[in-house]
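>>> Structure of the sequence below:
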Amino acid sequence: MSQPAGEPGARETESILEQLASTALDHDYYTQHDGAPGTVSRTLTGVVAALFGLLLTIAAVQTRNDRPATEAERDALIENIQLRQDLVDSKQQTAGRLQEEIADLQAASVGDSPGTTALRIAAASQPVRGPGVVLTAQSRDEDDPLARLTDTDVQLIVNGFWLAGAEAVAVNGHRLTATSAIRSAGEAITVNYRSVTEPIVVTAIGDEDALLNQWEQGPSGRYLDARAEADALTYSVRRSDEVEMAGAPDSRLAVSAEPLRRSAS
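Predicted structure coming up:
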């Protein structure tokens, strides 16, 4: 069978492969160096090795020399921290002891007479309990903005109970004082700067029959009736034989006012 024209033969292909194999490496790889490195090369290698060893020695000596100073600084820092911690502990113990002395002095200076007890109740500085009423209000449709309770609604409810003769009032457990604030923060209602959520529960201590009758007949009761009918609010008021309220926190009772002392004329 004759070989087609233009195609290399088997012998020619083998020749090409042998040529590629013989030239795969650079000619320098086939050059054999029988002589040893020269004096200059050995000298340079020795100098480089000596410099490297000198650098390692200097680094080791420097590290060893710096170690005592570093340890001394660390020990001094630890001692300083311990001294400051001891000072803070001492100050905290002193503050605790002074607070106990203040509490003892206050207890000794103010007796439990009927007058002081009434003042404490009026100032909301102590827990109280007694008969009263409990009002619960909430929205029927939370998606309707007009149906939501507002800070104005809560203010009118609370003021209505004060007007009806309540001795103590709380909103969702937050005892109200002379410095209490009922405000709105976005869509939330805050009492004493704490958010409250529905249902809104207003508790009032006092003569339960008088509180209920006067609140319902007063402007607060009539207003809430109109809101419930027009804006899909729901509320209920019930008597309670015993309502309990916690005292207001000390931060709500602190005042900066001082009595005015008039000079004798």
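
>>> could you point out which element follows the longest helix along the chain?
Looking across the chain with DSSP state H, the single longest helix is helix 39-109. Sequence order places helix 114-123 as the next helix or strand after helix 39-109, per DSSP states H and E.

>>> packing partners for whichever helix or strand comes after that following helix?
Using DSSP H and E, the helix or strand that follows helix 114-123 towards the C-terminus is strand 128-139. With contacts taken as 3 or more CB pairs under 8 Å, 6 or more residues apart in numbering; DSSP states H and E, strand 128-139 sits against helix 151-163, strand 200-205, helix 208-217, strand 233-245. No exception for glycine: its C-beta is placed from N, CA and C like everyone else's.

>>> Partner strands of strand 128-139 and their direction?
According to DSSP bridges, strand 128-139 forms sheet pairs with strand 200-205 (antiparallel), strand 233-245 (antiparallel).

>>> Give the residue spans of the stretch 101-250 of the chain that score low on pLDDT.
For the stretch 101-250 of the chain, the stretches with pLDDT under 70 are 107-115, 142, 145-146, 250.

>>> What is the helix or strand hosting residue 230 packed up against?
Per DSSP H and E: residue 230 is located in helix 219-231. The elements that helix 219-231 packs onto, with contact taken as 3+ CB pairs under 8 Å, 6+ apart, are helix 151-163, strand 233-245.

>>> Please identify the most buried of the helices and strands packed on strand 128-139.
Comparing these by mean neighbour count (mean count of other CB atoms under 10 Å), strand 200-205 ranks first with a mean of 22.

>>> Run the chain-centre distance for that one.
30 Å (CA atoms, centre = their mean, to the nearest Å).

>>> same deal with stretch 147-160?
So, by CA atoms, centre = their mean, the centroid of stretch 147-160 is 30 Å from its chain's centroid.

>>> mind listing what the closest residue to residue 165 other than its chain neighbours touches?
Excluding the flanking residues, the one nearest residue 165 by CB to CB, 6 or more residues apart in numbering is residue 206, at 5.4 Å. By CB atoms under 8 Å, 6 or more residues apart in numbering, the residues touching residue 206 are 130-133, 161, 164-168.

>>> Kindly list the main-chain dihedrals of residue 206?
When quoted as degrees, to the nearest 10, the phi and psi of residue 206 stand at phi 160, psi -170.

>>> The residue nearest the centre of the chain: what's it in contact with?
The centre of the chain sits closest to residue 194, judged by CA atoms, centre = their mean, with a distance of 14.8 Å. Going by CB under 8 Å, 6+ apart, residue 194 touches residue 174.

>>> hmm, try it at 10 Å
The contact partners of residue 194, by CB atoms under 10 Å, 6 or more residues apart in numbering, come to 171-174, 188.

>>> of all these, which two lie farthest apart?
173 and 188 (16.1 Å; CB to CB).

>>> could you dump the helices and strands packed on strand 128-139 to a markdown table with distance to residue 226?
Putting the helices and strands packed on strand 128-139 into a markdown table (distance: least, CB to CB, whole Å) gives the following:
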| stretch | distance to residue 226 |
| --- | --- |
| helix 151-163 | 11 |
| strand 200-205 | 17 |
| helix 208-217 | 13 |
| strand 233-245 | 10 |
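
>>> quick one: the residue nearest to residue 165 from residue 240, how far?
According to CB to CB, to the nearest Å, residue 206 and residue 240 sit 11 Å apart.

>>> next one: stretch 40-56 to chain centre, how far?
With CA atoms, centre = their mean, you get 62 Å for stretch 40-56.

>>> next one: stretch 70-85
Worked out by CA atoms, centre = their mean, stretch 70-85 lies 32 Å from the chain centre.

>>> again, but for stretch 136-148
For stretch 136-148, the distance to the chain centre is 30 Å (CA atoms, centre = their mean).

>>> do stretch 55-62 as well
The answer for stretch 55-62 is 51 Å, by CA atoms, centre = their mean.

>>> Could you do stretch 76-89 as well?
The mean C-alpha position of stretch 76-89 is separated from the chain mean by 28 Å, CA atoms, centre = their mean.

>>> list the buried ones in it?
Within stretch 76-89, no residue counts as buried by 16 or more other CB atoms under 10 Å.
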